[in-house]
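[1] structure for the following, please:
(chains A and B)
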Amino acid sequence: MHEKAKDLCGAFTAGRVGRRELMRRMAALGVAAATAEVMVNAAATKAMAAGFDWQAHKGTAIKLLLNKHPYADAMIADLDNFKSLTGIDVAYDVFPEDVYFDKVTAALSSRSTEYDAFMTGAYQTWQYGPAGWLVDLNEYVKDPARTAPKYAWDDILPNLRASTSWSGKPGEAPGGPGAKQWAVPWGFELNNLSYNQTLFDKLKLAPPKDLPGMLETAAKITRDAGGPYGIGVRGSRSWATIHPGFLSGYTSYGGRDFTIEGGKLKAAMASPQSKEFTRLWVKMIQDSGPKNWATYTWYQVGTDLGAGASGMIFDADILGYFMNGGDNKERGHLAYAAFAAKPGAATPTSNVWIWSLAMSNASKKKDAAWNFMQWATGTDHLMFGARKKDMVNPIRASVWKDPEFLDRMKQGYPGYIEQYNATAPEAKIYFTPQPLFFNLTTDWAAALQRMVAKEVPVDEGLDKLAEQINRQLKQSGLG
Amino acid sequence: MARTDGLWRVLRGLALAAVLVFFLFPIAWIVLMSFQTNEQILQLPPRVVFTPTLANYAALISGKLHTAAGDLDVPFLRNLGNSVLLSTASVALSLLLGVPAAYAFARFRFRLGENIAFTLLSFRFAPPLLVLLPLSLYFQDLGLSNTYVGLIWVYQLICLPLILWIVRGYFEDASPDVEYAYRVDGHSWWRAFTRIAIPLAGPGIAAAGLLAFIFAWNNFVFALILASADKQPVTVGALAFVTASGIQYGQIAAAIMLSILPTLALALYAQRWLVEGLSLGAVKG
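    From the prediction side, this is the model:
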């Protein structure tokens, strides 16, 4: 029976048998579903080994620095397969997100050899890469001797590949000529609408199509829902307030963070497009946002939606995904929709957050670390993560075509696939890469807080913000 | 008159109750939260009457956290053990080094004495991050990175100046004549120190030790930068309940309850010395 089951798994990995057929025949052989999954993954691991010497670094031990995140959990659950495939031993440190980047920055800046690879966001690589703390992964990705033929780099969504690479020259777009691949995408977030379907049905509301519509819908929820407020968006004095819904909508209105004049950066927050969008955004929060919006981070925005305290959020789609499960009061009641802020815009312009894997330049075991990275971002592991764990959103086109993953999402997360399909083509990092990213976006969030608190009118607030940012750019030689 | 007294007592009782409610309400609320599920905690309006659950404590003790994104491993008890080990060992070492040093600074005048004492105090002035990055380089070279010994050494930056400067004040307050009389009886300097000076400064040493323990317990950044996840104290470990898939308020409340227990027990045990010690050391005659 065992041999037959193994043959069946082999046929599945070779593509001769579909997954449903495999599970049906496994069940007929008396193999439990969980055991079948393990056997399938082991067979996939074996198949992956074809054509590449995965055992080249057998006996090496590497160490990872990970953020406490569902992506890391999915990887840890599948790690034994990597160990048996390569003979590489993997240790890891997992730190909570609140302190994670402090730990990463300290480890990299002190040239610590302790960690070989680590999780990072793309924005962080704008600091880490030019400082010489990261390895340019082009030298691995483009080297057939170091990368398995089945790795399929081109299967990773092109905007994500571009967004995790940068030339290091302030103002040059990610993925431009001479860009160094500072990290490999692992999982990512789009920014769209997640809403409480039950509440919308009760109030006979449809998901808004644009920002003026969002203002109306949010105001109606605040007025008529009997408790919940209309719209959850982030508001803390942090760069994280700017990058999700705010920048996605801002871009849709034609706003840019900087313009380039004579090779120098110039703040573009005082543009007419920026003012038009920001006026609406500020009014939306004043009329229908949470009472203590200025303290709102990822956590509060998500918790309110999950607890039924807000009607909708314009934030990361995976935040809405998480809130639709667990012990949240509104689990199973949430739905998703694509959102283009500018009336009449053809497609949404979602800014993206990309959790990625990067390699420390101080690592003494770079080749072994790369083997781990290509396994962790490879199709087999990501397929496992997307089907069985919470590795959403997958970064590979092939995973987005997987019927099992699509079925799972369609059944539990209404509208999720549709919002992804509508948004993905134009989804990328819309910030201009530059080394003052975190400081300047924090200033931007602080200015928004003053406008929402009515300490300063929107137009005047944006003019002052642009002046303040231009001053900082000049002082640092960027403007 | 009796009526005025009665009214006064009632008013005083009400004022005391108001003060108690003001200060104890957050703690009482955390206790209630620790017996609720996340769904109960996030109910609007919040409810005081609920069906209690021990699930939060069970999750901490078993190390398995149930979240929207599945089960997570949370090594909270290991974090708690690390905090106990690091704080206790650091304070013990600081007492061992700091009390004789404080005695020396109080009783003897020697070259550069005040400069040395001030230098030790200045350890408290520097922002930790300023020293931690260079220190992490040295620690790597010395093999102290990611070791309990290295961390206990670094914790001396918190504990040693505190103990040295507080206890020095107590030694200075105690009259040296008692020690001289004891030595005239033929006892050694060491015996005078251990039998006379230390007991006299006992309340001060207890107060300084407890304060140093609290400061060490609350420290966050030293272990974060200098050690791996398995050596992190409870201050870092508690953040594990703030996950991408949501905040586990119930488990945070239970973790707070468990993590204040050691300090609370120590404070209650040392209370009689602490009050005496703090009040004695406050004014120098």
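
[2] now the residue nearest the centre of chain B: closest residue in space, sequence neighbours ignored.
    Centroid-nearest residue in chain B, with CA atoms, centre = their mean: B:Ile214, separated by 0.9 Å. Counting by CB to CB, 6 or more residues apart in numbering or on different chains, B:Ile214 lies nearest to B:Thr263, which is 6.0 Å off, once chain neighbours are set aside. Heads up, the C-betas are built off the backbone N, CA and C, glycines and all.

[3] swap in B:Gly237?
    Here the residue nearest B:Gly237, using CB to CB, 6+ apart, is B:Asn79, at 2.8 Å.

[4] what do you get for B:Leu239?
    Using CB to CB, 6+ apart, the nearest residue to B:Leu239 is A:Pro96, at 3.6 Å.

[5] can you count the residues close to the residue nearest to B:Gly237?
    Residues lying near B:Asn79 (other CB atoms under 10 Å in any protein chain shown) number 26.

[6] wait, it sits on B:Ala229?
    No - between B:Asn79 and B:Ala229 there is no contact under CB atoms under 8 Å: 9.3 Å.

[7] all strands of the chain, in order?
    Unless you meant another one, I'm taking chain A. A:61-67, A:89-95, A:117-121, A:165-166, A:180-181, A:184-189, A:191-196, A:229-232, A:258-261, A:264-267, A:310-316, A:334-337, A:353-359 (DSSP state E).

[8] hmm, I had chain B in mind actually
    So, for chain B - with DSSP E - the strands run B:64-67, B:70-73, B:242-243, B:246-247.

[9] average pLDDT for the second one?
    Looking at strand B:70-73 alone, the average pLDDT works out to 66.

[10] with stretch B:219-229 instead?
    Mean predicted confidence for stretch B:219-229 is 90.

[11] for B:Ile152, what are its contacts?
    B:86, B:89-90, B:93 (CB atoms under 8 Å, 6 or more residues apart in numbering or on different chains).

[12] give me the residue from chain A nearest chain B.
    A:Gly326 (2.7 Å; CB to the nearest CB).

[13] distance check, that residue against A:Gln300.
    The spacing between A:Gly326 and A:Gln300, counted by CB to CB, to the nearest Å, is 16 Å.

[14] and the contacts of B:Ile152, which of them are buried?
    Among these, the ones that count as buried by 16 or more other CB atoms under 10 Å in any protein chain shown are B:86, B:89-90, B:93.

[15] how does chain B divide up, domain by domain?
    Domains of chain B are assigned by automatic domain parsing as B:2-73, B:76-282.

[16] switch the ones you listed over to CSV; also include distance to A:Ala225.
    Listed next are the domains of chain B as CSV, based on distance: least, CB to CB, whole Å:
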stretch, distance to A:Ala225
domain B:2-73, 12
domain B:76-282, 22
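
[17] looking at the ones you listed, which is buried most?
    domain B:76-282 (a mean of 18; mean count of other CB atoms under 10 Å in any protein chain shown).

[18] leaving out sequence neighbours, find the closest residue to A:Thr377.
    Closest to A:Thr377 by CB to CB, 6+ apart is A:Val184, at 4.9 Å.

[19] hmm, I was thinking of A:Gln300
    A:Pro290 (7.2 Å).

[20] same question for B:Val84.
    B:Pro262 is the one closest to B:Val84 (CB to CB, 6+ apart), at 5.9 Å.

[21] list the contacts for that neighbour?
    B:80, B:83-84, B:217.

[22] and A:Thr60, what does it touch?
    A:88-89, A:365, A:368.

[23] ok, now with 10 Å
    A:86-90, A:116, A:364-365, A:367-369, A:371-372 (CB atoms under 10 Å, 6 or more residues apart in numbering or on different chains).

[24] interface residues of the stretch 301-450 of chain A facing chain B?
    Within the stretch 301-450 of chain A, the positions adjacent to chain B are A:302-304, A:306-309, A:316, A:318-319, A:321-331, A:355, A:388-390, A:392 by CB under 10 Å from any CB of the partner chain.

[25] and A:His69, how many neighbours?
    Neighbours around A:His69, by other CB under 10 Å: 23.

[26] correct me, but B:Leu210 touches B:Ala265?
    No - counting by CB atoms under 10 Å, B:Leu210 stays clear of B:Ala265, with 11.3 Å between them.

[27] so how do I select the buried members of the contacts of A:Thr60 in ChimeraX?
    Restricted to buried positions by 16+ other CB under 10 Å, the ChimeraX selection for the contacts of A:Thr60 reads:
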select /A:86,88,90,116,365,368,369,371,372
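
[28] so which of the contacts of A:Thr60 is the closest to B:Leu32?
    A:Val90 (42.0 Å; CB to CB).

[29] re the thing from before, possible to save the strands of chain A as CSV with distance to B:Ile256?
    Below are the strands of chain A laid out as CSV (distance: least, CB to CB, whole Å):
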stretch, distance to B:Ile256
strand A:61-67, 23
strand A:89-95, 20
strand A:117-121, 28
strand A:165-166, 42
strand A:180-181, 43
strand A:184-189, 31
strand A:191-196, 31
strand A:229-232, 26
strand A:258-261, 44
strand A:264-267, 43
strand A:310-316, 27
strand A:334-337, 30
strand A:353-359, 29
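
[30] now B:Ala106: how far from A:Leu319?
    59 Å.

[31] for the stretch 51-200 of chain A, which segments count as helices?
    A:70-77, A:79-86, A:97-109, A:122-128, A:138-141, A:158-163, A:197-202 (DSSP state H, counting those that start in this stretch).

[32] ignore what I typed, I meant the stretch 1-150 of chain B.
    B:2-33, B:38-41, B:55-62, B:76-107, B:113-122, B:128-142, B:148-173.

[33] and the second one, what does it pack against?
    Here helix B:38-41 is seen to pack against helix A:298-307, helix B:2-33, helix B:55-62, strand B:246-247, helix B:249-269 when contacts are counted using 3 or more CB pairs under 10 Å, 6 or more residues apart in numbering or on different chains; DSSP states H and E.

[34] which of these has the lowest mean pLDDT?
    strand B:246-247 - the lowest mean pLDDT of the helices and strands packed on helix B:38-41, at a mean of 82.

[35] and that one, does that touch chain A?
    Yes - Strand B:246-247 comes into contact with chain A (CB under 10 Å from any CB), by way of B:246-247.

[36] okay, now the sheet partners of that strand, with direction.
    strand B:242-243 (antiparallel) (DSSP bridges).

[37] what about the partner strand, average pLDDT?
    On average, strand B:242-243 scores 81.

[38] before we move on, back to that, my read is that the residue nearest to the centre of chain B contacts B:Ser83, right?
    No - under the criterion of CB under 10 Å, B:Ile214 is not in contact with B:Ser83, lying 11.4 Å apart.

[39] joint contacts of these two?
    B:Thr263.

[40] returning to that earlier point: let's have the helices and strands packed on helix B:38-41 in a markdown table, adding distance to A:Lys474.
    Shown next, in a markdown table, are the helices and strands packed on helix B:38-41 (distance: least, CB to CB, whole Å):
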| stretch | distance to A:Lys474 |
| --- | --- |
| helix A:298-307 | 33 |
| helix B:2-33 | 47 |
| helix B:55-62 | 52 |
| strand B:246-247 | 41 |
| helix B:249-269 | 44 |
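
[41] compare the ones you listed and give me the one nearest A:Ile417.
    The nearest among the helices and strands packed on helix B:38-41, by CB to CB, is helix A:298-307 at 19.6 Å.

[42] show me what that closest one is packed up against.
    So helix A:298-307, by 3+ CB pairs under 10 Å, 6+ apart, packs with helix A:97-109, strand A:191-196, strand A:229-232, strand A:310-316, helix A:317-323, helix B:38-41, strand B:242-243, strand B:246-247.
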